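Undergrad: whatever this is, show me its structure:
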Amino acid sequence: MGLFDFLLAKKQTASVAKDRLRIIVAHERATRGGPDYLPTLQRELLEVIRKYVNVDAEAVKVDLIGEGDNKVLDISVALPENAPQA
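TA: From the prediction side, this is the model:
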């Protein structure tokens, strides 16, 4: 039975390590300032806007602002004064 006890102990250790890793990943996401999808969202918005107006990459800003218990997605697009069509 000693061999089986040894194998069970590894499974418990792996489970504890997995739980710890989940806690670390959740903490990193919370402290990083925003979800992982914001850069992708900003890139895709820029592609859609460029179908209608020529803008540079810095023209689109996407931020997640925390207001109490709520989060607000703030999207800002700086359009040129004479917006030529793409």
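Undergrad: how many residues are close by I49?
TA: 16 (other Cβ atoms under 10 Å). Quick note: C-beta positions are derived from backbone N, CA and C, even for glycine.
Undergrad: what does the host helix or strand of it rub up against?
TA: According to DSSP states H and E, I49 maps onto helix 38-50. With Cβ atoms under 8 Å, 6 or more residues apart in numbering as the test, helix 38-50 has contacts from V55, A57, A59, V60, K61, V62, D63, L64, I75, V77, A86.
Undergrad: for the fifth one, give me the backbone phi and psi.
TA: In terms of degrees, to the nearest 10, the main-chain angles of K61 are phi -120, psi 130.
Undergrad: what's the nearest residue to it if we skip its chain neighbours?
TA: S76 (4.4 Å; Cβ to Cβ, 6 or more residues apart in numbering).
Undergrad: pLDDT wise, what is the most centrally placed residue in the chain at?
TA: By Cα atoms, centre = their mean, the chain has its centre lying nearest to D36, at 1.3 Å. For D36, the pLDDT comes out at 71.
Undergrad: and if you look at the one 5 residues further on?
TA: Reported pLDDT at L41 in the predicted model: 85.
Undergrad: ok so V62 is a strand residue?
TA: Yes: under DSSP: H, G, I helix; E, B strand; the rest coil, V62 falls within a strand.
Undergrad: my guess is it meets V77, correct?
TA: No: counting by Cβ atoms under 8 Å, V62 sits too far from V77 to count as a contact (9.7 Å).
Undergrad: higher neighbour count, those two?
TA: V62 (20 against 13).
Undergrad: in the helix holding I49, what's buried?
TA: Q42, L45, L46, I49 (16 or more other Cβ atoms under 10 Å).
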